[in-house]
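In: predicted structure and sequence below. I'll ask about it afterward.
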Amino acid sequence: MWFSNLICYRFKQDVSYTQEDFEAALEHDVFRPCGSQDMSTFGWTKALGKHGQTLSHFSQHCILVCAKREEKVLPASVINEMVAEKIESIEQEENRPVKKKEKDEIKENITATLLPQAFKKSSLQFAFIDQKNGWVIVNSGSFNKAEELTALLRKSLGTLPIVPAFANYDLDLFLTDWLTKFEVPEGFAIGSDAELQEADDNGAQVKLKQHDLASDEIKLHLEHGKRVTKLGMDWRERVQFTLQNDGSLKRLSFSDTLKEQNADIPKEDMAVKLDADFILVTEEIKELLEELSQGLGDQDDL
């Protein structure tokens, strides 16, 4: 429930979902396990896991959803070895070379034979919709995976008018300016991690961990034209994170004070605790993102 990475989107228009209609929409794409010839499957599963009964969890204008992926594990090295053995056998027995089309067919046949016996692995991906403020937040460190979830949501709902929240900002400029002046928007503080890169995308990189970012060494890098691509930040001593120039927020760490707020809820009431944690986390994330957006200024002015 404690989101660790944020890929953020904004709705282009106001939305209002009822739980009954929303739930019915998700039912069209409910998760199913891999069949014998499936390499992977992807669909909605219960938002609160075994502690809930519905695919979506509505609470205080926010909707929690969870997508589940199941994949077959077929190491490429195993397939390639079996393909090579089959090709060698054909060439020796029939005294002829095996052409590319036939090689591809051999590989397909071997893969199809192995699929039913393959091991399976599964993963969960969470996201929440903030209907009041127009956010869609995916707990993912990868834009590709986040797009898979939003594509599934769009398929289920029929439409999903969203855009990446920070796509119109040149965050390199903001991050570099903040570190150069060592000034950030109100409520934020510069942390101790950063990545700097020369203006050329293939240029030298400097990765800093637990470093004094106000030091002369950092100033020298900036004076020589390096831009900041990642910057560790602290928000109101409640959440630490790394803001990246692609608009993602990585490695979120919530303060112990926050995490302990619902510690008194007994384990027997896990559904209640999960709901309380969801409310706590979403409220923190929404407030953080609203203040970050204000600190970056109005997109329409860019």
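Out: That came through, no problem.
In: show me where this protein has its helices.
Out: Secondary structure of the chain, counting by DSSP state H: helices at 19-27, 76-94, 100-114, 143-157, 171-181, 216-223, 256-259, 270-296.
In: ok, which of the ones you listed comes nearest residue 242?
Out: Between residue 242 and those, the shortest gap by CB to CB is with helix 171-181, which sits at 10.4 Å. In this view, the C-beta of every residue, glycine as well, is placed from N, C-alpha and C.
In: looking only at pLDDT, what's the mean for that closest one?
Out: When the per-residue pLDDT values of helix 171-181 are averaged, the result is 97.
In: isn't residue 158 up against residue 25?
Out: Yes: the criterion here is CB atoms under 8 Å, and residue 158 meets it with residue 25 at 7.4 Å.
In: more neighbours, the two?
Out: Regarding residue 158 and residue 25, a neighbour count based on other CB atoms under 10 Å identifies residue 25 as having more, with 18 against 8.
In: which residues do residue 158 and residue 25 both contact?
Out: Taking CB atoms under 8 Å, 6 or more residues apart in numbering as the contact criterion, no residue touches both residue 158 and residue 25.
In: the chain - how does it break down into domains?
Out: Taking automatic domain parsing as the reference, the chain has its domains at 6-73+119-164, 76-116, 171-301.
In: now the closest residue to residue 178 other than its chain neighbours: how far from residue 74?
Out: On the basis of CB to CB, 6 or more residues apart in numbering, the spatially nearest residue to residue 178 that is not a chain neighbour turns out to be residue 184, at 4.8 Å. As defined by CB to CB, to the nearest Å, residue 184 lies at a distance of 47 Å from residue 74.
In: which one's more surrounded, these two?
Out: A count of neighbours by other CB under 10 Å puts residue 184 above the other of residue 184 and residue 74, at 21 against 16.
In: which stretches of the stretch 151-300 of the chain have low pLDDT?
Out: Scanning the stretch 151-300 of the chain for pLDDT under 70 picks out the ranges 201, 298-300.
In: thinking again about what came up before, contacting residues for the residue nearest to residue 178?
Out: For residue 184, the contact set (CB under 8 Å, 6+ apart) comprises 178, 190, 233, 295.
In: determine which two of those are furthest apart.
Out: Taking every pair in the contacts of residue 184 and measuring CB to CB, the maximum separation is 12.8 Å, between 190 and 295.
In: the two: which is more packed in?
Out: It is residue 190, of residue 190 and residue 295, that has more neighbours when counted by other CB under 10 Å, with 18 against 14.
In: ok, back up a step: CSV please, covering the contacts of residue 184 and showing distance to residue 135.
Out: Shown next, in CSV, are the contacts of residue 184 (distance: CB to CB, whole Å):
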residue, distance to residue 135
178, 23
190, 25
233, 19
295, 16
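In: can you tell me which residue is spatially central in the protein?
Out: With the centre of the chain defined as its mean C-alpha position, the nearest residue by CA atoms, centre = their mean is residue 140, 1.4 Å away.
In: in space, what's closest to that residue - neighbours in sequence excluded?
Out: When the adjacent residues along the chain are set aside, residue 140 lies closest to residue 146, with 4.5 Å between them (CB to CB, 6+ apart).
In: quick check: most distant residue from the centroid of this structure.
Out: Counting by CA atoms, centre = their mean, the extreme residue of the chain relative to its mean C-alpha position is residue 95, 52.0 Å from that point.
In: wait, what's in contact with it?
Out: The contact partners of residue 95, by CB under 8 Å, 6+ apart, come to none.
In: any idea how far it is from residue 89?
Out: Residue 95 sits 12 Å away from residue 89 when distances are taken as CB to CB.
In: now swap in residue 287 and tell me
Out: 65 Å.
In: more neighbours, the two?
Out: Just comparing residue 287 and residue 89: by other CB under 10 Å the higher neighbour count belongs to residue 287, 16 against 11.
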